[in-house]
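Colleague: Predicted model and sequence below, questions to follow.
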Amino acid sequence: MNPYLLNSEKVSYLLDSNLQTDSPLPVYKTFLQIFEENLYSILIPLFCILLGLLIWCILKKKKRDSEKIESTPPSDPFEDAIKAITELQNQKQIEPKPFVFKLSEILRLYVERLFNFPALELTGEEFMREIVSHSFFKNRYENTLRDFVVQGDIIKYSCEVVSERTTDQLLELALHFVEDTHARLVEEKINGEEPSKLKIGNK
């Protein structure tokens, strides 16, 4: 007797008598199941695309801001200083100390922008040392600026009562300095002289 036939007979009860051939059962998956199985394959490319868009937007914004800055002409230090002094002069009920601090800042910023040395970062003594060593200021504005620095430091760092007349004198001194230096620089330009702001560091 055929042994394969015997084995077949023994397991025949396990088989469906109506099923002649084996065939795979159809498998149905929901969209959510498919999405979960391919989650990383979807999210990684999507993340790369979003990251690329973000970088592109940042670079575009930087380029636009840079072009805007380049297209905007630099403001005139003289005009800015005059405007700031006028605004300070028009302020009412301002205490002497903050008034002098602001006035000193305006004057130093004007000098810094024109002559390219860090006037805002210097102490009064260091500021005067730079002024004395500069070819444009030497023998012209030394006394004027020294008076401004000395009087300003007294007001800023002492407890003395300051009259309105004193602060007005400092404002007039600062205004005269800005206007006179501007006039001299314009005169140098008209006469074809080398601009003094290029003579930085001349001893």
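Modeller: Received the coordinates, thanks.
Colleague: Which neighbouring elements make contact with the helix or strand containing R129?
Modeller: Assigned by DSSP states H and E, R129 belongs to helix 124-133. Counting contacts by 3 or more CB pairs under 8 Å, 6 or more residues apart in numbering; DSSP states H and E, helix 124-133 packs against helix 142-157. From N, CA and C alone the C-beta is placed, and that goes for glycine too.
Colleague: relative orientation of the helix it packs on and helix 124-133 in degrees?
Modeller: If you take axes from the mean of the first three to the mean of the last three CA atoms, to 10 degrees, helix 142-157 sits at 170 degrees to helix 124-133.
Colleague: For helix 142-157, which helices and strands make contact with it?
Modeller: In terms of contacts (3+ CB pairs under 8 Å, 6+ apart), helix 142-157 is packed against helix 96-115, helix 124-133, helix 164-190.
Colleague: The ones you listed: lowest mean pLDDT?
Modeller: Taking the mean pLDDT of each of the helices and strands packed on helix 142-157, the lowest value is held by helix 124-133, a mean of 85.
Colleague: Helix 96-115 and that one, what's the angle between them?
Modeller: 30 degrees.
Colleague: what's in contact with helix 124-133?
Modeller: With contacts defined as CB atoms under 8 Å, 6 or more residues apart in numbering, helix 124-133 is touched by 108, 111, 117, 119, 122, 137-138, 141-142, 145-146, 149-150, 152-153, 201-203.
Colleague: Can I get the buried part of those as one PyMOL selection?
Modeller: Entered in PyMOL, the line below selects the buried ones among those, by 16 or more other CB atoms under 10 Å:
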select buried, resi 108+111+117+119+122+137+141+145+149+152
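Colleague: Leaving out chain neighbours, which residue sits closest to D180?
Modeller: Y141 (7.8 Å; CB to CB, 6 or more residues apart in numbering).
Colleague: ok, the one you found to I154 distance?
Modeller: 20 Å (CB to CB, to the nearest Å).
Colleague: Break the protein into its domains for me.
Modeller: 31-71, 77-198 (automatic domain parsing).
Colleague: tell me the most buried of these?
Modeller: Stretch with highest mean neighbour count among the domains of the chain: domain 77-198 (a mean of 15; mean count of other CB atoms under 10 Å).
Colleague: Work out the gap between that domain and the centre of the chain.
Modeller: Here the centre of domain 77-198 is set off from its chain's centre by 26 Å, with CA atoms, centre = their mean, to the nearest Å.
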